[in-house]
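**Student:** Here is a sequence together with a model predicted from it:
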Amino acid sequence: MPRSAARAVAVAAMVAGLCAPGAAHAATANGVPVTLRAAKAALPAASSLPPGGVTRTGLFEFTKAAPFQACNKTMTAHNTGEETAIYTTENARSAAQVATWTVAVMVYADTSGPTADLALFKSMYAKCPSPYKQTVNGATVTMTFVSRAAVSSAGWTGFRLVRDLRTTTSSGTIVLRSTVLELRRGNAIVEISEIVAKSASLAKKQAGWLAAVQKKVLAKLP
């Protein structure tokens, strides 16, 4: 693997937790509740994720609310459970093959919890300073806000947050593009994080990757 791609993969995996979403248990628009079992079943297989060559590096199940962090702020969500998986292209040979994914489904006891938490997540992100620096495993990662926009898909509503991540290692400076989707429907929140190499020539293709993963995950939920 070329050193530049290897460094990008390592940095993306390192900061995945900083940009990761969280998810919960909920009743959906058609009245069928999202259970933890359904949440886990919605997590995609690594082999189905773009750009290919993706490995699942973490799988986590929470049966109670877990802390949610945005920049230097931490809160405890109101969900009753969560299923989260982290994936990365460990053997990427070029920037075009670099991708780290985090997919989380949070389950709530009712429909009011995800509504309140999504509003709180949005508020916490809005209050993040830009640029914001955080130390991860001894390396300083600088996060710079790029954009935030409302998102609506198949009855799910929420927002998309885009940030640039920059860190300097002994081998040089790495710049990545982080996109986080926070979507709510019924008593569930789905969070999808994509971290890829920042590249104008790859941006359209990378946006297509995210759209495909979003469609795949939402289609598996009741």
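**Tutor:** Perfect, thanks for sending it.
**Student:** in its sheet, what does the helix or strand harbouring D164 sit against?
**Tutor:** Element membership of D164, judged by DSSP states H and E, is strand 156-169. In the sheet containing strand 156-169, its partner strands are strand 139-153 (antiparallel), strand 172-185 (antiparallel), by DSSP bridges.
**Student:** Deepest-packed of these, please.
**Tutor:** strand 172-185 (a mean of 21; mean count of other C-beta atoms under 10 Å). Where you see a C-beta, it was placed from the backbone N, CA and C, and this is true even at glycine.
**Student:** After that strand, which helix or strand is next?
**Tutor:** strand 188-197.
**Student:** Just the mean pLDDT for that next one, thanks.
**Tutor:** Averaged over strand 188-197, pLDDT sits at 96.
**Student:** Tell me which stretches of the chain form helices.
**Tutor:** Applying DSSP state H to the chain gives helices spanning 3-19, 36-42, 112-126, 203-219.
**Student:** for the shortest one, packing partners?
**Tutor:** Applying 3 or more C-beta pairs under 8 Å, 6 or more residues apart in numbering; DSSP states H and E, one finds that helix 36-42 contacts strand 81-88, strand 99-107.
**Student:** Check which residues of that helix are buried.
**Tutor:** Judged by neighbour count using 16 or more other C-beta atoms under 10 Å, the buried positions of helix 36-42 are L36, A38, A39, K40, A42.
**Student:** Stretch 152-171 too?
**Tutor:** W156, G158, F159, R160, L161, R163, D164, L165, R166, T167.
**Student:** Tell me which residues touch K73, please.
**Tutor:** M124, K127, C128 (C-beta atoms under 8 Å, 6 or more residues apart in numbering).
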